[in-house]
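>>> below are the sequence and a predicted model for it; my questions follow.
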Amino acid sequence: MTQERQLPAKFKCLMIREEGGAVRSGIEEVGFDVLDPGEVLIRVAYSSINFKDALAATGKGKIIRRFPCIGGIDLSGTVVESSDPRFRPGDKVIATSYDIGVSHHGGYAEYARIPAGWVIPLPQGLDLFEAMALGTAGFTAALGIQRMEDNGLEPEKGPVVVSGATGGVGGFAIQMLAGRGYRVTALTGKAQESGYLQGLGAAEILLRDTIDFAATRPLEKSRWAGAVDNVGGPILHWMLATMQQAGTVASIGNAASPKLETTVFPFILRGVSLLGVDAGYIGFPTRGIVWQRLATDLKPKKLTEITRVITLDELPAAFDDFIAGRAKGRTVVRIGGE
């Protein structure tokens, strides 16, 4: 095993613990013996906050599968030690999803030890900060677009609607699709954010309160060639009912509901495709292909403009905005920096 430099005795992290049935999280100092097994030890430069991270750290969702657990499902940084020949000390790398920050100690720490199969080299065209400004949210949006385009979606087919538009995944989907030449409609419940969404590239703003989702029929007037859904439930049902012939829907999230009450008619009468987007465990080569696209044709032009930066010490106080739906854009956690 090769090593980049001498390690400190302890390092800081955000540890999530369960005590008396309640979940709490806070900044702690721990030794390297705490870290889980893995072939690659990484000095973490940046992490980020995803909705899943906020659910995990606050206990609002049953995310953590093992306590205690260092939070953070995303990280970027520099390899310190590696027993895998694919990685050498000094290499800049990314690790997102899989069991990171859920049942394997995660990215909210100055150091992380990660299985080599979960690590990818930083693509040319991205720096470590940009990689975490994208993070799982950007990767998820890009994977959805990759799957839709693999299924035949292209700008000439017609408009694409995006739900959960002000969230991390929704905002990235708007930017990426608009950058690819699609006409994008942002579906949102936040009228006050119309200017923000137009700035991301939305050609049209569609307010949720103008639609009676409960009254959606099995098939409605066809409108969309594609749809990116982050919320599930009645909105996904409405999207399916309003797709054009051979339209494509990417199902990404369930912020409103995991339930889907619909009929087979969009599928058998309009040939609609409903594609599941599993950013957590999608393997290679797809994972590498999507990250390459994030560094090239799907790289958002306003990545830094929609990103705020906080420190590891500021992290515990930042989760409430995500739980309350007040968060907008992306939040990067600076841990070691470049």
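Good, I have the coordinates.

>>> please enumerate the strands of the stretch 1-150 of the chain.
In the stretch 1-150 of the chain, the strands defined using DSSP state E, counting those that start in this stretch lie at 2-3, 10-19, 22-31, 40-48, 69-70, 74-82, 92-96, 111-114, 119-121.

>>> which of those strands sits closest to residue 153?
strand 92-96 (24.4 Å; CB to CB). Backbone N, C-alpha and C define where each C-beta goes, glycine included.

>>> what's the angle between that closest one and strand 74-82?
130 degrees (axes from the mean of the first three to the mean of the last three CA atoms, to 10 degrees).

>>> just checking, what packs against strand 92-96?
Where contact means 3 or more CB pairs under 8 Å, 6 or more residues apart in numbering; DSSP states H and E, strand 92-96 is packed against strand 40-48, strand 74-82, strand 119-121, helix 128-150.

>>> go with 10 Å
Applying 3 or more CB pairs under 10 Å, 6 or more residues apart in numbering; DSSP states H and E, one finds that strand 92-96 contacts strand 40-48, strand 74-82, strand 111-114, strand 119-121, helix 128-150, helix 286-294.

>>> mean neighbour count added to the ones you listed, as TSV?
Listed next are these as TSV, based on neighbours: other CB atoms under 10 Å:
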stretch	mean neighbour count
strand 40-48	26
strand 74-82	26
strand 111-114	26
strand 119-121	19
helix 128-150	26
helix 286-294	19
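
>>> quick one: those as JSON lines, columns for mean pLDDT too.
As requested, the helices and strands packed on strand 92-96 are exported to JSON lines (pLDDT from 0 to 100):
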{"stretch": "strand 40-48", "mean pLDDT": "98"}
{"stretch": "strand 74-82", "mean pLDDT": "98"}
{"stretch": "strand 111-114", "mean pLDDT": "98"}
{"stretch": "strand 119-121", "mean pLDDT": "97"}
{"stretch": "helix 128-150", "mean pLDDT": "97"}
{"stretch": "helix 286-294", "mean pLDDT": "97"}
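
>>> for these, which one sits closest to residue 196?
The nearest among those, by CB to CB, is helix 128-150 at 15.9 Å.

>>> coming back round to it: closest one to residue 319 among the strands of the stretch 1-150 of the chain?
strand 22-31 (8.0 Å).

>>> please identify the buried residues of that closest one?
Going by neighbour count (16 or more other CB atoms under 10 Å), the buried part of strand 22-31 is 23, 25, 28, 30.

>>> same deal with stretch 246-258?
Buried residues in stretch 246-258, defined by neighbour count with 16+ other CB under 10 Å: 247-253, 255-256.

>>> same question, stretch 331-338
331-336.

>>> CA atoms only: put it into PDB for me.
What follows is stretch 331-338 as a C-alpha-only set of coordinates in PDB (Å, rounded to 0.1, in the frame of the first residue of the first chain):
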ATOM      1  CA  THR A 331     -25.000  23.400  -0.900                       C
ATOM      2  CA  VAL A 332     -21.400  22.400  -0.900                       C
ATOM      3  CA  VAL A 333     -19.600  21.500   2.300                       C
ATOM      4  CA  ARG A 334     -15.900  22.700   2.300                       C
ATOM      5  CA  ILE A 335     -13.900  20.200   4.400                       C
ATOM      6  CA  GLY A 336     -10.300  20.200   3.200                       C
ATOM      7  CA  GLY A 337     -10.600  22.300   0.100                       C
ATOM      8  CA  GLU A 338      -8.600  21.800  -3.100                       C
END
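
>>> what's the offset of it from the middle of its chain?
With CA atoms, centre = their mean, to the nearest Å as the basis, stretch 331-338 stands 17 Å off its chain's centre.

>>> the residue sitting nearest the centre point of the chain and residue 98, how far apart?
By CA atoms, centre = their mean, the chain has its centre lying nearest to residue 137, at 1.9 Å. Relative to residue 98, residue 137 is positioned 16 Å away (CB to CB, to the nearest Å).

>>> repeat that for residue 269.
From residue 269 to residue 98 the distance is 39 Å (CB to CB).

>>> these two: who's more crowded?
When residue 269 and residue 98 are compared for neighbours, residue 98 comes out ahead with 20 against 12, by other CB atoms under 10 Å.

>>> was I right to think that one contacts residue 115?
Yes - Residue 98 lies in contact with residue 115 (CB atoms under 10 Å); the separation is 7.8 Å.

>>> could you tell me which residues touch both of those two?
Contact criterion CB atoms under 10 Å, 6 or more residues apart in numbering; residues shared by residue 98 and residue 115: residue 104.

>>> can I see the domain layout of the protein?
2-125+302-334, 136-276 (automatic domain parsing).

>>> now do the last one: distance to the chain's middle.
By that I understand domain 136-276. That offset, for domain 136-276, works out to 16 Å (CA atoms, centre = their mean).

>>> nearest to residue 43 among the buried residues of strand 22-31?
residue 30 (15.0 Å).

>>> ok, what's across the strand from that closest one?
Per DSSP bridges, the residues bridged to residue 30 are residue 11.

>>> would you list the buried residues of strand 22-31 in a markdown table and tack on pLDDT and distance to residue 298?
Shown next, in a markdown table, are these (pLDDT from 0 to 100; distance: CB to CB, whole Å):
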| residue | pLDDT | distance to residue 298 |
| --- | --- | --- |
| 23 | 94 | 35 |
| 25 | 96 | 32 |
| 28 | 97 | 37 |
| 30 | 98 | 37 |
